[in-house]
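my questions are about this predicted structure, shown below with the sequence.
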Amino acid sequence: MKTRIGGADVDLKSHARVVVIGGGVVGCSVLYHLTKLGWTDVVLIERSELTSGSTWHAAGGFHTLNADTNMAALQGYTIRLYKELEEISGQACGLHHVGGLTLADSPERLDFLKAERAKHRYMGLETEIVGPEEIRKLSPITDTDGVLAALYDPLDGHLDPYGTTHAYARAARRNGAEIHLHTKVESLAAKAKGEWDVVTDKGTITAGHVVNAAGLWAREVGRMAGVELPLHPMEHQYLITDDIPEVYEHHTELPHVMDPTGESYLRQEGRGLVIGFYEQDCTPWATGGTSWDFGHELLPNDLDRVGESLEFAFRRYPVLARAGIKQIINGPFTFAPDGNPLVGPVPGLRNYWSACAVMAGFSQGGGVGLSLAEWMVEGEPSRDIFAMDVARFGDYCTRPYTREKVRENYQRRFAISYPNEELPAGRPLYTTPAYGIWKAQRAVFGSGYGLEHVNYFAPEGEPLFETPTFRRSNAFAAVAEECRAVREAVGINEVHNFGKYEVTGPGAEDWLNRIMANRMPREGKLVLSPMLSPAGRIIGDFTIARLGPERFQLVAAYAAQAHHMRWFQQHMPDSGVAVRNVSLDRLGLQIAGPNARKLLERVADIDVSKEAFPFLSVREMNIGMVPAIVSRVTFSGDLGYEIFTPAAFQAALYETLAEAGRDLGLKPFGMRAMMSLRLEKSFGAWLREFKPEYTPAETGLERFVSFQKEDFIGREAAQRERDNPPARQLTTFVVDADDADVWGDEPIYRDGKIVGYVTSGGYAHYVRKSVALGFVPREMVEDGAGFEIEILGDLRPATLTTVPLYDPDGTRMRG
Ligand SMILES: Cc1cc2nc3c(=O)[nH]c(=O)nc-3n(C[C@H](O)[C@H](O)[C@H](O)COP(=O)(O)OP(=O)(O)OC[C@H]3O[C@@H](n4cnc5c(N)ncnc54)[C@H](O)[C@@H]3O)c2cc1C
């Protein structure tokens, strides 16, 4: 059957390299970027006209601000792209680069903006903090009563959503892409060799790859392939006012103003204003699924929902109270649980890609299109995009959980994101058998990848809640005490933050030697190994134990499970290897500290002396009556053991250790203490020091790369860096801090110039020092060298140290 392309009736092709489903701003951007990177046999299928989902009624605002620095960089890319797009396509995007102000009316919010500003400094973004007078000068319609300052971003602006989507589409067509309108994808069928039959109401196309860019219908298009994508649509309202003299008589177009306390954003629209709200009383839309009949339509207005925000806005912008409302727009758009897009290969499927949940299509659409196209064409994106990787979520995202998290995220759109904050919605979800044991000991919990973990134990009389703050929190003294117990006696904690995999089969060793950078150990031994992408970037940081000739246990970050399983599946040989994710079946406790061996000796049924069970080895044994796999290693950097057992035995394992450790000073400790202890050893952590942005040579992981092995993924790239060391290097600093430590992303200065940035840090309680880990130019890495690190707007002196602050020669760790 014929479909319409650019005014002509044509048949659908029978084959295409890629079929993109959805002609909103995101689908069109993906299409354009695929052609830009050289894939021109690409087809976009749109059930109606272009922009028929969320795109047509968007307010069209764009900005670079994002809590994740890589997301912010991609937003910067999107905004800079528009000029180029206009030139290539000949289609205007209706750009208005007017700048934007984000107001702060409390010291906490000012801290937040200062922390954001600090990040922008090393990212090269020209944002600045401005005072009330400057705010009034830039935006005279803003009443600055109670406002302390604002963050000004000159890159903020707005555009015409229709024009911009068509500019992408035109540019893609010029490069050879086809766009079929009024063609609905009705089903998808996976074919044996990884291709897809894309069945439409106008015929079937066989596609090498399918991209789900179906926006409001992304859930339905996911289900066509048997997956439930973690996203949900929310209703969103904005108002357009009648003409306002103070607006149209102003000598320049007014800047955007974000007023977080009022949960609103405001901008000029022609001779009037647009104001939109992220209200607390928000409404998830189409909870049962998006109807195929939903068309180019708006939802009924509900001004009651935004009544409070509107009243606040009348005080902040008095001209609004006098203006008539020309139009109210209420439309739906989709969010993932954390508000960032879902991009990349969907785990468990071949050649099925996600470009969904893009809640800010005009800030992020270009970056999403570029990253996805790079991933498809070149095998991996050119920068770390873990913050929007569809595999950052897992099976724990049930539909109701996703909805709760999406609602929470919407409500928090303008909330301050504190680095130590734990968000409450959808919790507890996953818990281990030890949950009740910790709870009875006054545990304060956090959550990651759906699983509850202990952050610290609150002493009697203290609240069971850590106050969110940029400064040292109410957990400070309790965490110090937990660290002391580990370093001076023995601590016990649950290694909830580990994903675990069992790899078995006659081909297991060869396969692991191919996908891991280190050589596989002998039976009974452990190795640490990075897993590298072809470009030599760190996509995993594993501890690998060999339990038998054909049996290995892999341990890595818990939150990277879908990411790692996707990689394993993508590189799985046809036979000879089986990988099982045992993260929730095999649970762990660790004991660490000078008395750890004494404790293990009391309960183990094998010889665990230093000689029989040395550092970096693994043994299977019974602990009391509990069968366990015990690794002689700990992230705390002390003498210690990680003990894994089937989930049903976990509580008995704890009781056995607790009973035996009573007179050895055994104390439970949480993740806050763990992260403090690892700082004293300069140990990096996943997604902080080790992530797809960095390489082994930059981060010191090179010592775990076996260059004697002839072939492994990433070898060539790692070898290149070995021959030509990279410009930057990860190192440790002792910071002369006040009541606030670094968290990550703070700029590092030398002689008044920014030379690097912090990856993570905090207070190292046992050595009583404020510590930062971060990157600086390799030639500056010199023990004792002086730097400055910006913490909440203050430049704090920082001294570089090339040796760990605790147990520098590893005597205790290996002891
Ligand atoms: C009121 C409101 C204001 C907003 N303001 C802004 C703003 O100021 N700035 C900003 O950046 N963002 C804003 N947004 C969000 C923005 O609209 C979205 O980020 C963006 O539109 C998402 O685009 P998309 O291409 O992913 O999805 P959509 O626009 O929903 O496009 C999906 C397309 O896929 C098509 N499709 C679906 N299923 C099929 C199928 N089976 N076969 C064929 N075609 C199919 C649909 O017809 C649709 O055209 C706003 C949203 C709303 C609701």
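Thanks, I have it.

doesn't His166 lie inside a helix?
Yes - using DSSP: H, G, I helix; E, B strand; the rest coil, the assignment for His166 is a helix.

not counting sequence-adjacent ones, nearest residue to it?
Distances taken as CB to CB, 6 or more residues apart in numbering put Gln91 closest to His166, at 5.3 Å, once the chain neighbours are dropped. From N, CA and C alone the C-beta is placed, and that goes for glycine too.

pretty sure Ala167 is one of the things that neighbour touches, is it not?
Yes - counting by CB atoms under 8 Å, Gln91 sits close enough to Ala167 to count as a contact (4.0 Å).

neighbour-wise, which of these two wins?
Here Gln91 and Ala167 are compared on neighbour count by other CB atoms under 10 Å; more neighbours surround Ala167, at 29 against 20.

which residues are in contact with that one?
Tyr82, Leu85, Glu86, Ser89, Gln91, Ala92, Cys93 (CB atoms under 8 Å, 6 or more residues apart in numbering).

that older thread, residue contacts, the residue nearest to His166?
For Gln91, the residues meeting the contact criterion (CB under 8 Å, 6+ apart) are Leu85, Gly163, His166, Ala167, Arg170.

rerun at 7 Å
Each residue near Gln91 by CB atoms under 7 Å, 6 or more residues apart in numbering is listed here: Gly163, His166, Ala167, Arg170.

ok, so of the residues you listed, who is nearest the ligand?
Lowest distance from the ligand to these (CB to the nearest ligand atom) belongs to His166, with 12.5 Å.

pretty sure the closest one is touching Leu50, no?
Yes - here His166 reaches Leu50: they are 6.4 Å apart, a contact under CB atoms under 7 Å.

is it correct that Leu370 is in contact with His33?
Yes - here Leu370 lies in contact with His33, judged by CB under 7 Å, at a distance of 5.0 Å.

not counting sequence-adjacent ones, nearest residue to Met71?
Closest to Met71 by CB to CB, 6+ apart is Ala387, at 5.1 Å.

how many residues are close by that neighbour?
Look at Ala387: counted by other CB under 10 Å, it has 20 neighbours.

quick one: contacts for it?
Listed by CB under 7 Å, 6+ apart, the contact set of Ala387 reads Asp68, Asn70, Met71, Asn340.

what is the most widely separated pair among the residues you listed?
By the measure CB to CB, these have their two most distant members at Asn70 and Asn340, which lie 10.2 Å apart.

the more surrounded of these two?
Set Asn70 next to Asn340 and count neighbours by other CB under 10 Å: Asn340 wins out with 25 against 21.

mind checking how far that one is from Ala685?
20 Å (CB to CB, to the nearest Å).

quick one: pLDDT of the residue in the stretch 451-600 of the chain that the ligand sits nearest to?
With CB to the nearest ligand atom, the shortest gap between the stretch 451-600 of the chain and the ligand falls at Ala562, namely 21.5 Å. Model confidence at Ala562, given as pLDDT, is 98.

contacting residues for whichever residue of the stretch 201-350 of the chain sits closest to the ligand?
Of all residues in the stretch 201-350 of the chain, the one sitting closest to the ligand is Gly215 (2.1 Å; CB to the nearest ligand atom). When contacts are counted by CB under 7 Å, 6+ apart, Gly215 is found next to Gly22, Gly24, Val26, Gly53, Ser54, Thr334.

among the residues you listed, which are within reach of the ligand?
When the contacts of Gly215 are checked against the ligand using CB under 6 Å from any ligand atom, the ones in range are Gly22, Gly24, Val26, Gly53, Ser54.

mind checking which of those residues land in helices?
Helix and strand membership here follows DSSP state H; of the ones next to the ligand among the contacts of Gly215, those in helices are Val26.

got CSV for the ones next to the ligand among the contacts of Gly215, with neighbour count too?
Below are the ones next to the ligand among the contacts of Gly215 laid out as CSV (neighbours: other CB atoms under 10 Å):
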residue, neighbour count
Gly22, 30
Gly24, 28
Val26, 33
Gly53, 33
Ser54, 22
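
so which of the ones next to the ligand among the contacts of Gly215 are in strands?
Among the ones next to the ligand among the contacts of Gly215, none falls in strands (DSSP state E).

Ile240 contacts Gly272, correct?
Yes - using CB under 7 Å, Ile240 makes contact with Gly272 at a distance of 6.4 Å.

anything in contact with each of these two?
Counting by CB under 7 Å, 6+ apart, the contacts common to Ile240 and Gly272 are Lys326.
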